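[1] With the sequence up front, the predicted model follows.
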Amino acid sequence: MQGWVWGMFGLGLGLSVSAVIYLNGRQPVEPVPAAATTEQKPAAKSAPRTDEPPAAEEKPRFTFYDMLPSFEVVIPEEDLTVVPAKPFESVDRPGIYVLQAGSFSQYDDADRRRAELAMLGVESGIQKVTVDDKVYHRVRIGPVDSLDRLNVLRGQLRGAQIDAMVIRVGE
């Protein structure tokens, strides 16, 4: 037999099976009396069938739909003002500094920040610390002893929108 004959046979078989499933799953529709169609009365609940136990009255599954409209969030007027960012101030006090480019609870986040810094050409390391039984992963750059290099790094990080904290070592 040729391929198209088998294809038609499979298509016919598939349609037959789907028709049987469709017809088997349908519920019979009760006819609506003619008087009910002309009068538009609200439908009354039908009496429960005798072979089934009466169902308990259904409660809504979620209640927050009723609660949310009653909540109102008031935004104070003083919070609506925008405060400009602090101007970039260069460090002018000699010493040895470390830049902290982030502190993360997950190592993967810290590694992602270290990769961002590597794309900028900045070498960094991850320092693992424990504070109050919580583990943090700090992304640190340095130590840097040249003020010029420190300010260039800060400007580079600021241009990449990475906030860095300047830490003076050995005070």
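    Cool, got the structure.

[2] Run a quick neighbour tally on R140.
    Using other CB atoms under 10 Å, R140 has 19 other residues around it. For every residue, glycine as well, the C-beta is placed using N, CA and C.

[3] That one: which element?
    Taking DSSP states H and E as the criterion, the element that holds R140 is strand 134-144.

[4] and the longest helix for the chain?
    Longest helix in the chain by number of residues, with DSSP state H as the criterion: helix 3-25.

[5] Just the CA atoms of stretch 158-171, as CSV, please.
    The C-alpha atoms that make up stretch 158-171 are tabulated as CSV, following Å, rounded to 0.1, in the frame of the first residue of the first chain:
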residue,chain,number,x,y,z
ARG,A,158,30.1,55.0,38.9
GLY,A,159,29.9,55.1,35.1
ALA,A,160,28.8,51.4,35.1
GLN,A,161,26.2,52.2,37.8
ILE,A,162,27.9,50.1,40.4
ASP,A,163,27.9,51.5,43.9
ALA,A,164,31.1,51.0,45.7
MET,A,165,32.0,51.7,49.3
VAL,A,166,35.4,53.1,50.1
ILE,A,167,37.1,51.5,53.0
ARG,A,168,40.3,52.8,54.4
VAL,A,169,42.6,50.0,55.6
GLY,A,170,44.8,50.3,58.7
GLU,A,171,43.3,53.4,60.4
